[in-house]
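Novice: A structural model of the following input is requested.
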Amino acid sequence: MQRLQLENTRAIVTGASSGIGAAIARGFGAEGAKVIVNYHKDAAAAQRIVAQIKDQGGLAQAVQADIASAQGCAALFAAAEQHFGGVDVLVANAGIQRDAPLTELRLDAWQKVIDVNLTGHFLCAQEAVRRFRRQTHDPESAVARGKIIFTSSVHQVIPWAGRVNYAAAKGGMKMMMESMAQELACEKIRVNAIAPGAIKTAINRDAWDDPANKKELLKLIPYGRIGLPEDIAKATLWLASDLSDCVVGTTLFVDGGMTLYPSFRDSG
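Specialist: Below you'll find the model as predicted:
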């Protein structure tokens, strides 16, 4: 079987100090990639991820940046240029939640989620494309000149009451990704997304750490298990590799079947 062949690939992973982003960053490191580990506030956590990557024989650098601003995204890519000479893959993974019922959702909570989960990904992708275009690439090459992978969610298609800001951002990301992919494919820039379902991370600990809550959650997952951050990392690495070179504008759902609407299974 052909290997992923990500050795010396230069990757930026936003929101990489914990959860899914950390698993993706470690995955790149294990494959021999050079990784920019982006974080917003938790420098110590980011440095732990860097140390784990280095322990695996990879190269990594922690970089603080607020990806919800154009300046923050530019600084992130400048760091990749400084440390690794450029970038080959952007994994736009950073994300937050600010949950509330519709009429109690404050405007600042709406705006913050849109800023980070949608606008920030747009800004980083925009900067990535500018960098890809500056870098040398053989127009006759059979592989991409650059790859952008967004971390989306099953909630780009499944409505989510009490989290209208989050669902709106992910729904917007779907069309943003597909529009970018349509525009950039002719330049050999591949744009895709990963849509996780229920993944065992700190942000949703209450849903899987409590036995009663876990039982209810599993009713939504036909495959019968909650995903792990490493499940998302494996899918992301495949999309970042040349094994997926003809995959363009696709959202890869890693959800154990949540988007199959299992509650309809016995009511047809």
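Novice: what's around the residue lying closest to residue 176 once chain neighbours are set aside, how many residues?
Specialist: Closest residue to residue 176 apart from its sequence neighbours, by Cβ to Cβ, 6 or more residues apart in numbering: residue 122 at 6.3 Å. For glycine as for every other residue, the C-beta is placed from the backbone atoms N, C-alpha and C. When neighbours are defined as other Cβ atoms under 10 Å, residue 122 has 17 of them.
Novice: pretty sure residue 122 is in a helix, no?
Specialist: Yes: counting by DSSP: H, G, I helix; E, B strand; the rest coil, residue 122 is part of a helix.
Novice: I figured it hits residue 175, correct?
Specialist: No: the pair residue 122 / residue 175 is not scored as a contact, 11.5 Å apart, by Cβ atoms under 8 Å.
Novice: CA atoms only: put the biggest helix by length in the chain into CSV for me.
Specialist: As assigned by DSSP state H, the longest helix anywhere in the chain is helix 164-184. What follows is helix 164-184 as a C-alpha-only set of coordinates in CSV (Å, rounded to 0.1, in the frame of the first residue of the first chain):
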residue,chain,number,x,y,z
VAL,A,164,-27.7,28.8,15.9
ASN,A,165,-24.4,30.8,15.7
TYR,A,166,-22.3,27.6,15.5
ALA,A,167,-24.6,25.9,13.0
ALA,A,168,-24.7,29.1,10.8
ALA,A,169,-20.9,29.3,10.8
LYS,A,170,-20.6,25.7,9.7
GLY,A,171,-23.3,25.9,7.1
GLY,A,172,-21.6,29.0,5.7
MET,A,173,-18.3,27.1,5.7
LYS,A,174,-19.7,24.5,3.5
MET,A,175,-20.5,26.9,0.7
MET,A,176,-17.3,28.9,1.3
MET,A,177,-15.2,25.8,0.9
GLU,A,178,-17.0,24.6,-2.2
SER,A,179,-16.8,28.1,-3.8
MET,A,180,-13.1,28.3,-3.0
ALA,A,181,-12.6,24.8,-4.5
GLN,A,182,-14.4,25.8,-7.6
GLU,A,183,-12.4,28.9,-8.1
LEU,A,184,-8.9,27.5,-7.2
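Novice: report the distance from stretch 157-174 to the chain centre.
Specialist: 16 Å (Cα atoms, centre = their mean, to the nearest Å).
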